[in-house]
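Undergrad: how would this look folded up:
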Amino acid sequence: MRILAVTAMLWALAGCAGPGSGTAASPEEAKAYVKNLGLSEVNMEAKESFGGQQLVEITGKISNKGGKSLRKVELTCVFHDPYNQVVLREVVPIVRADRGGLKQGETKPFRLPFDTIPNSWNQAMPGMVIAGVVFE
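TA: This is a model prediction of the structure:
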């Protein structure tokens, strides 16, 4: 399986924060803050699940080099076929408040399991972009 470089950039910001759930960043705030977030040690591994289904797992670390603590960071993963057509686009949280969020200066591991990738997938690392940021 070939692993490609991961590019993290702002793609879109979706959703609103409810009471007590932090402050969803405006698109301008998120775009300005995303330069403080870094993905590293990103790896992809495919395994067969107990049911014989393919399970693709992406692991890595996210770092917050900015001055704000984060309750939530969402990542959009885009899988392509050999013709570079999108076969799956999924938004997944890599930082969550129920797991302690991500404080300023902190680095945390993440694990993203995927078991619904179509067989037409090109077996390459998906495109990964930061899709949403919620501040403390």
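Undergrad: give the residue spans of the protein that score low on pLDDT.
TA: Scanning the chain for pLDDT under 70 picks out 1-22.
Undergrad: repeat that for 80
TA: Residues of the chain that meet the criterion pLDDT under 80 lie in 1-25, 49-53.
Undergrad: please, where are all the strands along the chain?
TA: Taking DSSP state E as the criterion, the chain contains strands spanning 23-24, 37-48, 54-64, 70-80, 86-95, 107-114, 127-135.
Undergrad: how about these, which one is nearest residue 30?
TA: strand 127-135 (4.6 Å; CB to CB). Just so you know, the C-beta spots here come from the backbone N, C-alpha and C atoms, and that holds for glycine as well.
Undergrad: okay, the angle between that closest one and strand 107-114?
TA: Angle of strand 127-135 versus strand 107-114, following axes from the mean of the first three to the mean of the last three CA atoms, to 10 degrees, is 120 degrees.
Undergrad: can you state the direction angle for strand 127-135 and strand 54-64?
TA: 50 degrees.
Undergrad: other SSEs contacting strand 127-135?
TA: Strand 127-135 sits against strand 23-24, helix 27-33, strand 37-48, strand 70-80, with contacts defined as 3 or more CB pairs under 8 Å, 6 or more residues apart in numbering; DSSP states H and E.
Undergrad: please name the bridge partners of the most centrally placed residue in the chain.
TA: Nearest to the mean C-alpha position of the chain, by CA atoms, centre = their mean, lies residue 75 at 2.7 Å. Judged by DSSP bridges, the bridge partners of residue 75 are residue 92, residue 130.
Undergrad: nothing else from me, thank you.
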